[in-house]
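Asker: I would like the atomic coordinates for the input below:
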Amino acid sequence: MKTVTIYTDGACSGNPGPGGWGAILSYKGQEKEISGGEAETTNNRMELTAVIESLALLKEPCAVELYSDSKYVVDALEKGWVYGWKKRGWRKADKKPALNVDLWEKLLPLVETHQVRYHWVKGHADNEKNNRCDQMAVAESKKFQESL
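Answerer: As a prediction, this is how the structure comes out:
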């Protein structure tokens, strides 16, 4: 099984507001950068979209080392919260509706296809790849700010 390293980040100007996401996929010394954005979104939606778009690019099941500065994404997956939300009809433990169900429903089959290990990294710190993902995400969000 191939091992792929993925760094992801999302950004939003206002929350909700114009947003962007960025990701770096690394395999055997080769890197691929991808990014995108939306005119009206939230930071968490952009964080999730970065992971979805990255995993969707993989053409076969892989061992994935996923690095994200989003506690929302990492904790929901690593601690299994998202599976509880799904089991309860997309309700959180406090009975409130879970957010971003459409994206979680896209992400879960991708996570089940691959062997994913999650790594939380501190955002806006000294992690070069996380900072690059942030730059891409912010640049994407600015494309939508300029069109307003």
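
Asker: and whichever helix in the chain runs longest, what does it pack onto?
Answerer: What stands out as the longest helix in the chain, according to DSSP state H, is helix 128-146. Applying 3 or more Cβ pairs under 8 Å, 6 or more residues apart in numbering; DSSP states H and E, one finds that helix 128-146 contacts strand 3-12, strand 17-27, strand 30-41, helix 43-57. Using the backbone N, CA and C atoms, a C-beta is placed for each residue, glycine as well.

Asker: quick one: contacts for the residue lying closest to residue 57 once chain neighbours are set aside?
Answerer: Nearest residue to residue 57, sequence neighbours excluded (Cβ to Cβ, 6 or more residues apart in numbering): residue 25, at 6.5 Å. Listed by Cβ atoms under 8 Å, 6 or more residues apart in numbering, the contact set of residue 25 reads 4-6, 31-32, 34, 54, 57.

Asker: same thing with residue 13?
Answerer: Counting by Cβ under 8 Å, 6+ apart, residue 13 makes contact with 19, 141-142, 145.

Asker: thinking again about what came up before, mind checking which of the helices and strands packed on helix 128-146 is nearest residue 79?
Answerer: Shortest separation from residue 79 across the helices and strands packed on helix 128-146 is recorded for helix 43-57, at 15.7 Å, computed as Cβ to Cβ.

Asker: Listing partners with orientation, what would you give for whichever helix or strand comes after that closest one?
Answerer: Along the chain past helix 43-57, the next helix or strand (assigned with DSSP states H and E) turns out to be strand 63-68. Strands flanking strand 63-68 in the sheet, each with its direction: strand 3-12 (parallel), strand 115-120 (parallel) (DSSP bridges).
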